[in-house]
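# What follows is a predicted protein model with its sequence.
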Amino acid sequence: MFPKVHAGMDMEMNSNMDCGKSKGIIGEKSMRILVDKMKKYPVSIWRTLWKVGRDDPRRAIHAVKVGLALTLVSLLYLLQPLFTGIGQNAIWAVMTVVVVLEFTAGATLCKGLNRGLGTLLAGSLAFFIEYIATESGHIFRAVFIGAAVFLIGAAATYIYQVHSLY
């Protein structure tokens, strides 16, 4: 139906098929090496985890504590009677465990208190910004909220970067 534009193309493609076979052998060797590495990788990970747990068993105990805390807090969200009593906000308890739980009890308390204080301050600031935005006009409200979000976001990011330098 359509004329062949490149009549000699069939011959070139057939003559290049031999090269494809030699690449296939290299591909098989690469595939074997990859499969061998994939077989050894889980063993290597297990040995590393075992060595770290044996050198400092507190890390393994902490991991078990975090797993247990996540399981218990997840029950608030997963069990229907508990979920009905607490509601949709139960999922935030799981996030709190992930974010706050630290290696030592003192570090966990410190981080929890900082999180609580930060939440209180952020809620107060949001209430204050909303009050000012509501009292102002409709146009100024959007501009004010946008400017406040920008300033607070930029300031928090800058303070975090400066704090992480020390």
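Cool, the structure landed.
# longest helix anywhere in the chain?
Across the chain, the helix with the greatest residue count (assigned by DSSP state H) is helix 17-55.
# Tell me which helix or strand comes right after that one.
helix 57-78 (DSSP states H and E).
# Return the list of helices and strands in contact with that following helix.
In this structure, helix 57-78 packs against helix 17-55, helix 80-86, helix 91-100, with contacts taken as 3 or more CB pairs under 8 Å, 6 or more residues apart in numbering; DSSP states H and E. For every residue, glycine as well, the C-beta is placed using N, CA and C.
# neighbouring contacts of it?
Helix 57-78 is touched from outside by 52-53, 82-83, 86, 90-91, 93-94, 96-98, 101, 103, with contacts defined as CB atoms under 8 Å, 6 or more residues apart in numbering.
# ranking the helices and strands packed on helix 57-78 by burial, who's on top?
Mean neighbour count, computed with mean count of other CB atoms under 10 Å, is highest for helix 91-100 among the helices and strands packed on helix 57-78, reaching a mean of 14.
# for the record, mean pLDDT for that helix?
Helix 91-100 shows a mean pLDDT of 81.
# next one: stretch 48-56
What stretch 48-56 shows for mean pLDDT is 86.
# Return the distance of it from the chain's centre.
Taking the mean of its C-alpha atoms, stretch 48-56 sits 24 Å from the chain's own mean (CA atoms, centre = their mean, to the nearest Å).
# Number the chain from 829, please
Noted, 829 is the first residue going forward, which turns the last one into stretch 876-884.
# pLDDT score assigned to Leu953?
Leu953 is assigned a predicted lDDT (pLDDT) of 90.
# nope, Lys849 is what I meant
Model confidence at Lys849, given as pLDDT, is 49.
# Next: Leu949.
Confidence at Leu949, expressed as pLDDT, is 92.
# And for it, the neighbour number?
For Leu949, the tally of surrounding residues (other CB atoms under 10 Å) stands at 10.
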